[in-house]
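Q: kindly return the folded structure for what I paste below:
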Amino acid sequence: MPLDIDRDWTDEFPILQQMAFFNHAGVAPISGRAARAMRDYVQQATDKAYVGSGWYARADKIREMAARLIGARSGWEIAFVSNTSSGLSLVAKGMRWQPGDEVVITNIEFPANRYPWVDLKHQGVKVVEVERRPDGSIDPEDLHEAVTNHTRVVAISHVQFASGQRMDLRAISDLVHQARGYLCVDAIQSVGAMPVDVRALGIDFLAADGHKWLLGPEGAGIFYCRQELIEDLHPGVVGWRNMVDAQDYLNYRYDFRGDAVRFEPGSLNIPGVLALGASIEMFLELGMEAVWRRIEGLTTRLCDGLSAKGYHVISPRGDPRQRSGIVVFEPAAEAGKPAPAKIVADLEKQGIIIVLRDGRLRASPHFYNTLQQIDQLIHALP
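A: Modelled structure (predicted):
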């Protein structure tokens, strides 16, 4: 049965009784389901170790759930990774590069989606940076002009962490595919906040850690590789689980698996994967359309209140297709206004959590937050 998204979520998120937490674009609280999954793991591991646990069978079911969450064809296209950086590096390290190949990024990406590509310069790969606008957003036309016949990969965040801008991935994928390149997406700021469909958006590779909008623990994330490209990527780290006969330990057959498990070199972070799976299951029961409607309602309430109070909203809000769960804003340029860092510190003393990014204020509510908490934030702002 689908879950009622409008119910009281205090039992699942006790943090509601402690504070108004609006930093899900940072490190979010884990869901109650995720916490229970980790406690169950600890109890089993303490009492019985792996005997009768079925943890890896459960991990395979979680692959299938993750595939459903992002619109992949099956768990065949899903690997578990320790973080977004690891997933993006699988692409950077796994592709067969030639001198003169180009990777297009922006100069406002989170470092996880920069350094793996910059590291390719010693192979003769050119990194092309698209400059941000003064407000921190990316002009789609600038991005389109950066793609040439030498572009092998466009590596971009679905939602930009410092501005909250959601990118039009379908338009980008059409462009890069015409150039015979690939679209690699850092989706840590979108998966769990809004519907993501890798096939509809034309995504070739996607990485997302679970500790933000997916409400899971750090150290457990997903990597998606389009099925047709799996065998084109050489695993960045090679170990026993990459291989087709992984359970036949002394059969040293050097033959990589044909599914995305080829990117998992060794034992999984089982407690993390189990916890991540518990949260993914919750999102599937809620339905991502309902989650996004709720988040969009909360952020709209926040933006309306900010504007009424004289704050300047930086995040794109005019076009609904550019909206995300992130609202970046700043005080109006008036004498006597507190510095943004002081605003963040003063709010925390009142149990209201927002953060500072790129010198601006950032709030990122999730579906379980309430309108009353949004109003509390607006009222508390100087």
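
Q: so what does the helix or strand that contains residue 45 touch, helix or strand wise?
A: Per DSSP states H and E: residue 45 is located in helix 32-48. Using 3 or more CB pairs under 8 Å, 6 or more residues apart in numbering; DSSP states H and E, the elements in contact with helix 32-48 are helix 270-286. Placement of C-beta: from N, CA and C, glycine included.

Q: just the C-alphas of the following helix or strand past the helix it packs on, formatted as PDB.
A: Once the chain leaves helix 270-286, the next helix or strand it forms, by DSSP H and E, is helix 288-308. In PDB, the C-alpha atoms belonging to helix 288-308 read as follows (Å, rounded to 0.1, in the frame of the first residue of the first chain):
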ATOM      1  CA  MET A 288       8.600  10.100  -6.100                       C
ATOM      2  CA  GLU A 289       6.000  12.300  -7.700                       C
ATOM      3  CA  ALA A 290       4.300  12.700  -4.300                       C
ATOM      4  CA  VAL A 291       7.700  13.400  -2.700                       C
ATOM      5  CA  TRP A 292       8.500  16.100  -5.200                       C
ATOM      6  CA  ARG A 293       5.100  17.700  -4.900                       C
ATOM      7  CA  ARG A 294       5.600  18.000  -1.200                       C
ATOM      8  CA  ILE A 295       9.100  19.400  -1.500                       C
ATOM      9  CA  GLU A 296       8.000  21.800  -4.200                       C
ATOM     10  CA  GLY A 297       5.200  23.000  -1.900                       C
ATOM     11  CA  LEU A 298       7.600  23.600   1.000                       C
ATOM     12  CA  THR A 299      10.200  25.400  -1.100                       C
ATOM     13  CA  THR A 300       7.500  27.600  -2.700                       C
ATOM     14  CA  ARG A 301       6.200  28.500   0.800                       C
ATOM     15  CA  LEU A 302       9.800  29.400   1.800                       C
ATOM     16  CA  CYS A 303      10.500  31.500  -1.300                       C
ATOM     17  CA  ASP A 304       7.300  33.400  -0.900                       C
ATOM     18  CA  GLY A 305       8.100  34.100   2.700                       C
ATOM     19  CA  LEU A 306      11.700  35.100   1.900                       C
ATOM     20  CA  SER A 307      10.600  37.600  -0.800                       C
ATOM     21  CA  ALA A 308       8.000  39.100   1.500                       C
END
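
Q: nothing else from me, thank you.
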